[in-house]
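>>> any chance you could fold what I've pasted below:
(chains A and B)
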Amino acid sequence: MFLQLLANGLVTGAIYALAAVGVSLIYGILRLVHFAYGDVMTFGAYVGVLCNMTLGLDLALSVVLAMLATAALSVVLEPVLWMPLRRRRAGFMSLFLASIGLALVLRQAIFLAAGPQPRSFDVDPFKVHTLGSVRLSGAQAIAIVIAVVVIVLVGLMLGLTSIGRTMRAVSDDRALAAIAGVDTGRVVLLTWVVAGLLAALAGVLAALVQSSFDPNFGFALLLPVFAAVVLGGIGSAYGALAGGLVLGVATELSTWESLGGGVDPVYKPVVAFAVLILVLLLRPNGLLGRAQVA
Amino acid sequence: MSVLASGEFWAFVGVVAGIYTILALGLQVEFGFAGLLNFGHVAFMAIGAYTMAILVVKAGLSTWLAAPIAILAAAVAGVLLGVTTLRLRADYFAIVTIAFSEIVRYVATNEDGLTGGSQGTINLAKTGEAADYNVEWQRFEDWLQGILHVGSNDVAMLVLVWACALSATALVWLAIRTPWGRVLRAIREDEDAARSLGKNAFGYKLQALAIGSALAGVAGVFYAWQFAFFSPGDFAPLLTFFAWMIVILGGVGRAWAVPVGALVFGVLFAGTRFFDFVPFTWFDSAERAYLRLILIGLVIIGLVLFRPQGILGRREELVLE
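Residues are numbered from 1 along each chain as shown, chains lettered A, B, ... in the order given. Modelled structure (predicted):
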């Protein structure tokens, strides 16, 4: 039972981690708490399901197309919305509110275009992989493999490539990076590309794992993802990876019966929020975060 | 006769706008005057509504006793949240308050024994018993309707809600002119400066949060009375964003901007439901509901971009940052 919960937790956690890296990069580089990120994930999942179910394309191809479309959406919003806001010297509050407005527009536009009925991808729901005492559904297996590969790739990109290094440099100190000759405009666009790709991937994988989804599902994922970001120290990409995994495992394990009966599964999201609040009270800058000078 | 020409309909829109005024006024106290980014405001409305309904149905209290207790409960919840989280950075505080409001909603959805669960207050009483918390209120409304010589309960409610909303707005307007209000605004502008003058910033913020939450509790009680039934879905984060939009639409930091913002919002939100001309006729009613929310989202973005001071706000006093 413990191993099964741990496995489920790793699947959920890996998906949280993907999304959390996106949110964390956006915060680090643009100082934006992106409230519409959950709905960007929904957008990705719907493009994926459109390709996979309506157009009958292969699942892998659908995922790639979903990621490209979402990255395009993410990039287009920069000149349309975010750049004008920054030009007007919008602070945290304005950016946050604008992203709330964007969240409403995106989600309702998806409702309008796709309707409220639940959707699902073309995966066999009865296929099961068994690893010792752990049973993973086909969707879970796909999700964990892809998520782990991409997490490693993202980690390598941030750590080793020059793009990743400039991203982290801008995130640490924008003015200093600009003085050192970093083209911050290019870094911002790249951030939107990466964040869009990750949002779509996390959205599709989350949709696969929960087998059916509606236009509200991304928003429901947003707060656990925020919790993961905060857990890892807001703005720290590696922290977000770790935060996502810890949070996924913690929420699943909280339902373990040997743990004093465990928490009723309906309260899993509450566990995530409770972890968030608790961590902030004990370590106001997150688990791996450093004290920041505003 | 078109719905748009019916007095009943506009009375209903007015009641809802009045309830939103009270809700958003709480947010104005917290954000406009104390600078607190509370994005979980709806939680306190839920606490007010549920406490009142539960006390009436389960404890057999009179609604006149249950309502003040409910408002107090909302204020206490605000203080408890504030004591633990007010020391956080502004962005963390914003996220934690959303998380808090979602916890409240999840508890209301899943604790069937306490709140009636996802089916709402209809499920509050034991099986076989009617769960009506509104009998006394209905009687009072009928009586008021007779006194005022008006045609419907909604008109009586309209008078009552707006009397309450406007007096609350007046009280807030007065409070801001007291030394207390000046300290609050000083903390919003520069917390360190206020503290260096010996002002207990934490204490003032906590008071603002308690007042704001109590106002949300009042809104919750009125909401419960008006609709005679509610469920956890009524207290989704969307309502918090509506309140934010009203505050920004009216003007941040101005008490009288709140009723103005709420009226504009109410007409915009309710009125668009019944627009029966092109292009609205291209869509069915469910689709129009989505369109309405898209419109609200666009208005929020537009305000932030082009008119951060709102309709009545003063640019020199406060713009969104």
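
>>> which residues touch residue A:123?
A:59, A:138-139, A:142, A:208 (Cβ atoms under 8 Å, 6 or more residues apart in numbering or on different chains). Using the backbone N, CA and C atoms, a C-beta is placed for each residue, glycine as well.

>>> would TSV of these with neighbour count, secondary structure and pLDDT be doable?
Output for the contacts of residue A:123, formatted as TSV (neighbours: other Cβ atoms under 10 Å in any protein chain shown; DSSP: H, G, I helix; E, B strand; the rest coil; pLDDT from 0 to 100):
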residue	neighbour count	secondary structure	pLDDT
A:59	16	helix	89
A:138	15	helix	83
A:139	21	helix	85
A:142	22	helix	87
A:208	26	helix	91
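
>>> for those, which one is nearest chain B?
residue A:208 (24.3 Å; Cβ to the nearest Cβ).

>>> mind putting the contacts of residue A:123 into CSV with distance to chain B?
Formatted as CSV, the contacts of residue A:123 follow (distance: Cβ to the nearest Cβ, whole Å):
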residue, distance to chain B
A:59, 29
A:138, 30
A:139, 25
A:142, 29
A:208, 24
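
>>> just checking, what packs against the lowest-mean-pLDDT helix or strand in chain B?
Lowest by mean pLDDT, DSSP states H and E among the helices and strands of chain B is helix B:112-115, with a mean of 84. Packed against helix B:112-115, as judged by 3 or more Cβ pairs under 8 Å, 6 or more residues apart in numbering or on different chains; DSSP states H and E, are the following elements: helix B:42-59, helix B:90-110.

>>> the first one - contacts with which helices or strands?
Here helix B:42-59 is seen to pack against helix B:7-27, helix B:63-85, helix B:90-110, helix B:112-115, helix B:201-227, helix B:237-250 when contacts are counted using 3+ Cβ pairs under 8 Å, 6+ apart.

>>> any regions of the chain where pLDDT drops low?
Defaulting to chain A. A:259-261, A:285-294 (pLDDT under 70).

>>> actually, chain B is the one I wanted.
In chain B, residues with pLDDT under 70: B:1-5, B:127-130, B:271, B:273-280, B:314-321.

>>> distance check, residue A:208 against residue A:158.
Distance, residue A:208 to residue A:158, using Cβ to Cβ, to the nearest Å: 25 Å.

>>> ranges for the strands of chain A?
When assigned using DSSP state E, the strands of chain A occupy the ranges A:128-131, A:134-137.

>>> so for chain B, which of these sits nearest?
Of all the strands of chain A, strand A:134-137 comes closest under Cβ to the nearest Cβ, at 25.2 Å.

>>> tell me how many other residues crowd residue B:210.
The number of residues packed near residue B:210 is 22, by other Cβ atoms under 10 Å in any protein chain shown.

>>> distance check, it against residue B:174.
Applying Cβ to Cβ to residue B:210 and residue B:174 gives a distance of 18 Å.

>>> swap in residue B:21?
With Cβ to Cβ as the criterion, residue B:21 and residue B:174 are 17 Å apart.

>>> when those two are compared, which one has more neighbours?
residue B:21 (30 against 11).

>>> quick revisit: tell me which of the helices and strands packed on helix B:112-115 is the most buried.
Highest mean neighbour count among those (mean count of other Cβ atoms under 10 Å in any protein chain shown): helix B:42-59, with a mean of 26.

>>> show me what contacts residue A:13?
Per Cβ under 8 Å, 6+ apart, neighbours of residue A:13: A:244-249.
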